[in-house]
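>>> Just a sequence and a predicted model for now, questions to come.
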Number of protein chains: 2
Amino acid sequence: MVPRVLFGKGCFDQLPEILNEKRSIGAPFIYLVDDVFENNKSFIERIKLKGNDKIFFVSAEYEPKTNQVDVLVEKIKTEFQLLPSGIIGIGGGTLMDLAKAVSILLKNTGLAEDYQGWDLVSKKAIYHVGVPTVSGTGAEVSRTTVLTGPNKKLGINSDFTPFDQVILDYDLTLGVPKDQWFYTGMDCYIHCIESLNGTYLNTFSESYGQKAEELCLEIFLGDHLSDEQMRAKLMMASWHGGMSIAYSQVGVAHAMSYGLAYVLGTKHGIGNCIVFDHLEEFYPEGVKIFKQMKEKHGIKLPQGLCKDLPEKDLNTMIEVSLQMDPLWENALGKNWREIMTPKKMRELYLKM
Amino acid sequence: MVPRVLFGKGCFDQLPEILNEKRSIGAPFIYLVDDVFENNKSFIERIKLKGNDKIFFVSAEYEPKTNQVDVLVEKIKTEFQLLPSGIIGIGGGTLMDLAKAVSILLKNTGLAEDYQGWDLVSKKAIYHVGVPTVSGTGAEVSRTTVLTGPNKKLGINSDFTPFDQVILDYDLTLGVPKDQWFYTGMDCYIHCIESLNGTYLNTFSESYGQKAEELCLEIFLGDHLSDEQMRAKLMMASWHGGMSIAYSQVGVAHAMSYGLAYVLGTKHGIGNCIVFDHLEEFYPEGVKIFKQMKEKHGIKLPQGLCKDLPEKDLNTMIEVSLQMDPLWENALGKNWREIMTPKKMRELYLKM
């Protein structure tokens, strides 16, 4: 788990003070910042760069890739004599995942793709801090960093992946566009449904998942919260949803969304929504409520993504998704292959 | 926050494996174990001592004291050439607090009483592990270790206090006597009421406090849970209740219970219950539900503890309680001294 957490309106301004304690002479702090902030001078000034600290602005338009991590690591190693004092990720799930992966790869030899899997990392990562500016993915609290590699979309799951420090300042999510707010929030809601209906569930995950779900219902179906309350609560929902997954797993929506992402590059949040919308069979109550939320917020999901897809691509999609054994086992039990056959999955994808 | 948590039935058996990774040659692991386990051979065997590891059995009959910590630290330093590889606390809140304090004092010079307060500890504590065998206090997750010293009952609150590892095995709470189960569980419930009704509340604490409260209601007023579910859920309630306090504070019941403990040695759980039973004025809904829980479980609280108390002792009690500024401010706001006068508190104590 993340050992240090700061929560509160405006607490982002405490970042420089926190980092000061961790600074080694000559070793910079490297900031990986979502490029939506690139021209936001007042925001950038709050970071208060010192010495040879450097910001890399990164686009979150595409899902994070293993070679993107390798390029960043190479750049940092070439430009600086010393390893950084720390890596700070500022942005949504993409930036969270990149910061976690870069901090691991700066200390572990080889390529990012070598570590996709479970517990393959042997050396402690560089000190790394997560500052989420979009709520929902739970990437700020999770033990994974999900990357698309040459062969698969899979996380680097390890004890060294979680952030050393997280800063939860819900005012940083001001200005997130409505559709992104919905898709990323639904990522959290879908986590809860998948975790709470999974076979891996225990009382630890259950209590976190229930709280996150309750907060999502309040935020996305309620009418009584102020904008600020909604932002604060969604940040906590994301946190609890991530905690729920830490001791459990996601399920059908995530497994199939990984296939979409791998072949079509569909982003994680919207991908989960597109898939989940067609999963009544597996999560009847959850999907019913999801449709109500979609309706309430006037969200129109893309349709027909797969219907004209070349056979080869459709097969790759199915293959990538069926590789996610732990997700399928959590969702459908040990005999999941009898339920989710390639034929069955093809039918589902063709509806999307 | 605690960076590593293991949860599950029987997971206590993973302790030896976890400790192996942290062992330095010649440096023992020191186990502080509640002496209710002293004659429980099968339990003690599960600890799997190695080399010069040693168990100290400690009575939890009295609240933990600063000089008790000093004596333990002295014993360990005298008996072993090297500082321990780690300290493992096994028991209820008393053992949790002793393990946390001993691990701090082994690395920081002086006496335990020197560190009662906020952020007075300068050096990282020795690696320490908490294994709760009673649920409710939240001591397994909190940033404090509450000790009775020569001048006050107050916690050592610091970034170095929390455990490095916690093992939540709800089967270890099998066999807790019913009254202790109730009192310690109510400590958790009272945490929630105090935190949720406090002026320090933020959305982080609120979401944890609400979940802990919900679990308490299910456990202590519901009729549908198995014994095992109740134990698992109470362990999570304790956890969430402790997390809620991490970013908030307790209130009137804890502040007054500290006075009782200081003068009469009243234990924390029962002390909170005795006080809370008379706090309708401050927590009307919470106290009403508390009385229902008491009724349902046939709990009879001691009466008339203070009515024959010498004037001097009563004054000490009031004084000790009124020292707890942050608790009072959380409960009653910045002007709390106008509400909770010594006269008002005397009236309350005399009812107990």
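Arrived safely, thanks for sending. Numbers count the residues shown, from 1 in each chain, chains lettered A, B, ... in the order given.
>>> all contacts plus neighbour counts: C-alpha atoms, from now on.
Noted.
>>> Quick one, grab the pLDDT at A:Met340.
Listed pLDDT for A:Met340 reads 97.
>>> tell me the phi and psi of it?
phi -100, psi 80 (degrees, to the nearest 10).
>>> tell me, how many neighbours does it end up with?
15 (other C-alpha atoms under 10 Å in any protein chain shown).
>>> Report the separation between it and A:Gln81.
Taking C-alpha to C-alpha, to the nearest Å as the measure, A:Met340 and A:Gln81 are separated by 51 Å.
>>> Also A:Leu32?
19 Å.
>>> and stretch A:101-119, average pLDDT?
For stretch A:101-119, the mean per-residue pLDDT is 97.
>>> And that stretch, end to end?
Stretch A:101-119 has an end-to-end distance of 13 Å (C-alpha to C-alpha).
>>> Is that stretch in proximity to chain B?
No - if you take C-alpha under 8 Å from any C-alpha of the partner chain as the test, stretch A:101-119 misses chain B, and the best it gets is 15.1 Å.
>>> what residues are up against A:Phe80?
When contacts are counted by C-alpha atoms under 8 Å, 6 or more residues apart in numbering or on different chains, A:Phe80 touches A:Ala27.
>>> Mind pulling up the pLDDT for it?
Looking at A:Phe80, the pLDDT reads 97.
>>> How much space separates it from chain B?
30 Å (C-alpha to the nearest C-alpha, to the nearest Å).
>>> And A:Val252, by the same measure?
Counting by C-alpha to the nearest C-alpha - A:Val252 and chain B are separated by 25 Å.
>>> Distance-wise, check that residue relative to B:Gly298.
47 Å.
>>> quick one, which of those two is more surrounded?
The neighbour count for A:Val252 versus B:Gly298, taken as other C-alpha under 10 Å, is higher for A:Val252 (26 against 10).
>>> contacting residues around that one?
Applying C-alpha under 8 Å, 6+ apart to A:Val252 gives the contacts A:Glu194, A:Phe282, A:Leu327, A:Trp328, A:Ala331.
>>> So for stretch A:148-163, mean pLDDT?
92.
>>> Pull up the distance across it, start to finish.
For stretch A:148-163, the first and last residues are 20 Å from each other (C-alpha to C-alpha).
>>> What residues of that stretch count as buried?
Using 16 or more other C-alpha atoms under 10 Å in any protein chain shown as the test for burial, stretch A:148-163 gives A:148-149, A:152-163.
>>> Out of those, flag the one nearest to A:Ser85.
A:Phe163 (14.0 Å; C-alpha to C-alpha).
>>> Distance of that closest one relative to B:Val36?
39 Å.
>>> Check A:Leu234 too.
44 Å.
>>> Please say which of these two ends up with more neighbours.
Neighbour count, other C-alpha under 10 Å: between A:Leu234 and B:Val36, A:Leu234 has more, with 28 against 12.
>>> And for the more buried one, nearest residue in space, chain neighbours not counted?
Leaving aside its sequence neighbours, A:Leu234 sits nearest to A:Ser135 (C-alpha to C-alpha, 6 or more residues apart in numbering or on different chains; 6.1 Å).
>>> give me the element A:Ile87 is part of.
strand A:86-91 (DSSP states H and E).
>>> Could you give me the buried positions within the helix or strand just after that strand?
Next along the chain after strand A:86-91, taking DSSP H and E as the criterion, comes helix A:93-105. For helix A:93-105, a neighbour-count test (16+ other C-alpha under 10 Å) marks A:93-105 as buried.
>>> which bits of the stretch 151-300 of chain A sit near chain B?
By C-alpha under 8 Å from any C-alpha, the part of the stretch 151-300 of chain A that sits against chain B consists of A:Asn202, A:Thr203, A:Phe204, A:Ser207, A:Lys211, A:Ala232, A:Lys233, A:Met236.
>>> give the contact list for A:Gln180.
Neighbour list for A:Gln180: A:Gly269 [criterion: C-alpha under 8 Å, 6+ apart].
>>> Repeat that for the one 4 residues further on.
If you count contacts by C-alpha under 8 Å, 6+ apart, A:Thr184 has them with A:Val134, A:Ser135, A:Gly136, A:Thr137, A:Gly269, A:Ile270.
>>> Out of those residues, who's the most crowded?
Going by other C-alpha under 10 Å, A:Ser135 tops the contacts of A:Thr184 with 34 neighbours.
>>> what are the ranges of the helices in chain A?
Here chain A has its helices, by DSSP state H, at A:15-20, A:41-45, A:66-79, A:93-105, A:178-196, A:203-221, A:227-246, A:252-264, A:268-276, A:284-296, A:311-322, A:325-332, A:336-339, A:342-351.
>>> Can you say which of those is packed in most?
Burial of the helices of chain A is given as mean neighbour count (mean count of other C-alpha atoms under 10 Å in any protein chain shown); helix A:93-105 ranks first at a mean of 29.
>>> what packs against that one?
Applying 3 or more C-alpha pairs under 8 Å, 6 or more residues apart in numbering or on different chains; DSSP states H and E, we find helix A:93-105 packed against strand A:29-34, helix A:66-79, strand A:86-91, strand A:128-132.
>>> now that helix, how far from the centre of its chain.
Put simply, helix A:93-105 sits 10 Å off its chain's centre (C-alpha atoms, centre = their mean, to the nearest Å).
>>> ditto for stretch A:169-176
Using C-alpha atoms, centre = their mean, the distance between the centre of stretch A:169-176 and that of its chain works out at 17 Å.
>>> Ends of that stretch, what's the gap?
Per C-alpha to C-alpha, the first residue of stretch A:169-176 is 14 Å away from its last.
>>> would you turn the helices and strands packed on helix A:93-105 into JSON lines with distance to A:Met352?
Converted to JSON lines, the helices and strands packed on helix A:93-105 look like this (distance: least, C-alpha to C-alpha, whole Å):
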{"stretch": "strand A:29-34", "distance to A:Met352": "30"}
{"stretch": "helix A:66-79", "distance to A:Met352": "27"}
{"stretch": "strand A:86-91", "distance to A:Met352": "29"}
{"stretch": "strand A:128-132", "distance to A:Met352": "30"}
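>>> mind checking which of these is nearest A:Ile318?
helix A:66-79 (21.3 Å).
>>> hey, C-alpha coordinates of that closest one in CSV?
Taking Å, rounded to 0.1, in the frame of the first residue of the first chain, the C-alpha atoms of helix A:66-79 are listed here in CSV:
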residue,chain,number,x,y,z
THR,A,66,6.4,0.0,-22.8
ASN,A,67,8.6,1.6,-25.4
GLN,A,68,7.5,5.1,-24.2
VAL,A,69,8.8,4.1,-20.8
ASP,A,70,12.1,2.9,-22.3
VAL,A,71,12.5,6.1,-24.2
LEU,A,72,11.9,8.3,-21.1
VAL,A,73,14.3,6.2,-19.0
GLU,A,74,17.0,6.5,-21.7
LYS,A,75,16.5,10.3,-21.9
ILE,A,76,16.8,10.7,-18.2
LYS,A,77,19.9,8.5,-18.0
THR,A,78,21.6,10.4,-20.9
GLU,A,79,20.7,13.9,-19.7
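>>> Contacts for it next, please.
Contacts for helix A:66-79 (C-alpha under 8 Å, 6+ apart): A:83, A:98, A:101-102, A:105-106, A:111-113, A:147-150.
>>> again, 10 Å this time
A:28, A:30, A:32, A:54, A:56, A:58, A:82-84, A:97-107, A:110-116, A:146-150, A:152-154 (C-alpha atoms under 10 Å, 6 or more residues apart in numbering or on different chains).
>>> Check the contacts of A:Val252 and tell me the two furthest apart.
Among those, A:Phe282 and A:Leu327 lie farthest apart (C-alpha to C-alpha), at 13.4 Å.
>>> Tell me, how many residues neighbour A:Lys65?
Counted with other C-alpha under 10 Å, A:Lys65 comes out at 20.
>>> need the contact list for it.
A:Lys65 neighbours (C-alpha under 10 Å, 6+ apart): A:Thr94, A:Asp97, A:Leu98, A:Ala101, A:Ala112, A:Glu113, A:Val146, A:Leu147, A:Thr148, A:Gly149, A:Pro150, A:Lys153.
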